[in-house]
Structure formats: C-alpha cells, structure tokens
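Trainee: Need a 3D model of the following:
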Amino acid sequence: MRAPLLEQLERLLGDVLQAQASVRLRLEVAADQLAQNQLTRARDLLTLVTAVLDQFRHQAALWRGLALDKTAAPCPVALDGSAASAAPVRPANFAGAEAGASRDPEGLSCKIDLARLTLHSPAFRLKRSIPLASTLLPPKATMTDLSTFLVTQKWPAQHPDRLQLYSLPTPNGVKVSILLEETSLPYEAHLVSFETNDQTSPEFLSLNPNNKIPAILDPDGPGGKPLALFESGAILIYLAEKTGQLMPRDAAGRYETIQWLMFQMGGIGPMFGQVGFFHQFAGKDYDDKRPRDRYVAESKRLLGVLERRLLGRSWLMGDDYTIADIATFPWVRALVGFYDAGDLVGIKDYPNVERVLAAFVARPAVERGLAIPKRG
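Mentor: The predicted structure is shown next:
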C-alpha cells in the first residue's frame, strides 16, 4: 500500500505547487489594478498556499522516513499559516499504523479551481476548503452600468465594478463595513448623513424605502446582475454567503449562526438603543424613569444570555468568528462606550461579555470598519 499512497501524495504536492504558482501569477498580473486591501488579501493568500505546500512537503519527507515505524510525524504549520496547536499527526496509512486509523488510500485528494482550493486528507486528519478570492483576478473588461439606479445620482460610483455601501458609522452601520474589511471584498463607501437628512432623500429611498442605513448595491449580484439590499442582517448573510466566509458551511452551524444574528436584531439592538435614548440622549430629561428602568432591566437580561453563551467559548459560535459576532459586539461597544451605560447595566457582572468585546475591538478589520464611512 505504501507505494500507491506515496504516489498520490506526490500528485497532491504537485497540485498545491500549481495553485501557489497560479496565485502568484494572478497577483503579478493584477497588482497594479487592485486596491490596497485587495493586495493585502492576495499576499496573505499566497502566504497561506505556500504554508500549505511547506506542510505537505514536510509530511512527505517524514512519511518516507517513518513508513516502517510508529514515530509520530509533527505538523508544524497549520493551514491558516499559523503554528499548529494540535497534537502531532501520524500518517495513518503506512504499514504498522495503529488499529482503527484510516486506511483508505483513495481518500487523499486536492481540488483546485478559480474559486477555491480544497484539501482533504484522512491520513493527515485534514479537510479544508480555502477560498481563492475572485479579487485576485483582473477586473472584467465590461463594467456594470449603475447609472440606472437613482441612488448613484446623489452618490456617484467612482468604481462601479465594486460593491457600493451607503452607511454611517453607527452600531448598525459598522456591521457591514467590518464584514467588508474582514473579507477584503472590494467596495466603495458613501456617507449617508443624518445631519442633512440624506436617509429621507428620494435617492436613498429608492434603495431603502424604510430610510434606514446600511444599504448596499452590488454590481455583481446573483447571476452577475446588480442587487440592491437593505437591512443589516440580510446584508451580513448575503455577503457571508457570497464570499464563503464568516458563516459555517454545515447546515446546522449555519442556522445556529443565523439564530444568534436574529437574537441581536430582535433584542440586543432595539433594547440597547432604548437605553441609549433614555440614559444619554433626549429621554434622560424625562422625570419618569420607569421607561429607562424597563429597558435597563431587559438589557441586563440580554447581557446575561450572552454571558452564559460565551462561557467557555471564544466567540458566539465557539472557536469560529462569524457574522453573529459582527452583528452583536458593535452594540455592546456602544452600550458601554457611546451610551456611557456600563455602570447602569452593571457590565462588570458579565466578564465573558467584556472578554469577547475586548477581543472583538482588537481585530484590525474591526478597528478599520468602525470608522467607515468617514464622517464629514
């Protein structure tokens, strides 16, 4: 069995090497046509593919040397390019492998296309599907004409081939800018100013009849046709599925993530917002404090739900950072920061919420997204 398996491994290494060369070539060809965030994403992707190649080369050498004994083969590089934290991986198909280990020599596979690099190796206990971002490809020769959309008359698209974001850096607005920064999807941001009532203008209402930010216009929507979309939750789901990021791929994980997204949309956002109104803005001058106290009590209850969910978890969905986190923690940040209601709700009683909030705001993409669009 050893020789056929090694032959498959050699073919796998060749495929990964081909992917590396392909990504490097695309980067060199398109470098002068890419925005800075796209270049960063492209270079990160090249580093990642190189790390994958290095890992499999290392495993191949160990496999050859260890084919007749039971010494564990270390796995020094994870597929995301970081140091592997898992225990050493033993090639399971060599002679003398432990009982119960996978022995399927046909299970080793590598599939590469313009969309993604898929690596699957039961022997290495690895299965990873890595998006090869379409941003690595040169822009299409023909660009979508967005001039038929009324919103572009007030906010002209300087880059009509990119997704158009119409927003303001509020807890709802930054959800989308943070996601766009996290995924490196090319976009152009437009400020919708409440000071000049931009949200009630005919141009904005043509995009969102509910006159709320954020809203988007994607020139490359489903079927290659432009798609206008409003409601931050709907936009997060759409962009997560479009990019293949920040959403679990299995059905159960996907619906559980949407569940926590809806928890934010229906509870966290409205209740925290009411606390802000009655504590920090016009409502603070009301003599009757019962409305404020009602929303404070409900916000404490919701923080308790978050606290219990985050116990023993890095993020709402465990180890995976998702759109549920992107939706929730801008509101937690606003509650204790902009609304200055941390003491009012007893935020110190929710250490897990504070811990995850700190991890959230420390992310570089979050730091950038919180300031987009730039206020005038």
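Trainee: Specify the local secondary structure of residue 148.
Mentor: coil (DSSP: H, G, I helix; E, B strand; the rest coil).
Trainee: Give me the pLDDT for residue 283.
Mentor: Residue-level confidence at residue 283 comes out at 96, pLDDT.
Trainee: nearest residue to it other than its sequence neighbours?
Mentor: residue 277 (4.6 Å; Cβ to Cβ, 6 or more residues apart in numbering). Just so you know, the C-beta spots here come from the backbone N, C-alpha and C atoms, and that holds for glycine as well.
Trainee: how many other residues sit next to the one you found?
Mentor: 16 (other Cβ atoms under 10 Å).
Trainee: and what of residue 223?
Mentor: 6.
Trainee: Torsion angles phi and psi at it?
Mentor: The phi/psi pair for residue 223 (degrees, to the nearest 10) reads phi 70, psi 10.
Trainee: thinking again about what came up before, Provide the secondary structure category for the residue nearest to residue 283.
Mentor: helix.
Trainee: then stretch 298-306 to PDB, C-alphas only?
Mentor: Presented in PDB, the C-alpha positions along stretch 298-306 are these (Å, rounded to 0.1, in the frame of the first residue of the first chain):
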ATOM      1  CA  GLU A 298     -34.200  44.000  29.700                       C
ATOM      2  CA  SER A 299     -30.700  44.800  28.600                       C
ATOM      3  CA  LYS A 300     -29.300  43.200  31.700                       C
ATOM      4  CA  ARG A 301     -31.300  40.100  30.900                       C
ATOM      5  CA  LEU A 302     -29.900  40.000  27.400                       C
ATOM      6  CA  LEU A 303     -26.400  40.500  28.700                       C
ATOM      7  CA  GLY A 304     -27.000  37.500  30.900                       C
ATOM      8  CA  VAL A 305     -27.900  35.400  27.900                       C
ATOM      9  CA  LEU A 306     -24.700  36.500  26.100                       C
END
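Trainee: do you know how far the residue nearest to residue 283 is from residue 192?
Mentor: 20 Å (Cβ to Cβ, to the nearest Å).
Trainee: Next, find the distance separating the residue nearest to residue 284 when sequence neighbours are not counted from residue 271.
Mentor: What sits nearest to residue 284 in space, not counting adjacent residues and going by Cβ to Cβ, 6+ apart, is residue 278, at 6.4 Å. Residue 278 is 11 Å from residue 271, where distance means Cβ to Cβ.
Trainee: do the same with residue 215
Mentor: 24 Å.
Trainee: With neighbour numbers in mind, choose between the two.
Mentor: Taking other Cβ under 10 Å, residue 215 and residue 271 do not tie; residue 215 has more neighbours (26 against 22).
Trainee: Dig out what that one forms beta bridges with.
Mentor: residue 166, residue 230 (DSSP bridges).
Trainee: any idea how far residue 366 is from it?
Mentor: Distance, residue 215 to residue 366, using Cβ to Cβ: 21 Å.
Trainee: and what of residue 245?
Mentor: With Cβ to Cβ as the criterion, residue 245 and residue 366 are 15 Å apart.
Trainee: Next: residue 152.
Mentor: 29 Å.
Trainee: Residue 275 now?
Mentor: Counting by Cβ to Cβ, the gap from residue 275 to residue 366 is 22 Å.
Trainee: Compare neighbour counts for these two and give me the winner.
Mentor: Taking neighbours as other Cβ under 10 Å, residue 275 and residue 366 compare with residue 275 leading, 25 against 21.
Trainee: surely that one meets residue 299?
Mentor: Yes. Counting by Cβ atoms under 8 Å, residue 275 does reach residue 299; the two are 5.2 Å apart.
Trainee: what's the overlap in contacts for these two?
Mentor: Contact with both residue 275 and residue 299 is made by residues 335, 341, 345, according to Cβ atoms under 8 Å, 6 or more residues apart in numbering.
Trainee: give me every residue that touches the last one.
Mentor: Right, residue 345. Per Cβ under 8 Å, 6+ apart, neighbours of residue 345: 275, 296, 299-300, 303, 335-336.
Trainee: Now it. Its backbone dihedrals?
Mentor: Given degrees, to the nearest 10, the pair of backbone angles that residue 345 has is phi -90, psi 0.
Trainee: mind listing the helices for the chain?
Mentor: All helices of the chain, identified by DSSP state H, fall at 2-30, 36-66, 151-154, 173-183, 202-205, 232-243, 251-263, 269-280, 290-310, 323-336, 342-345, 351-361, 364-369.
Trainee: Would you mind listing where the stretch 101-250 of the chain has pLDDT under the threshold?
Mentor: Low-confidence segments of the stretch 101-250 of the chain (pLDDT under 70): 101-143.
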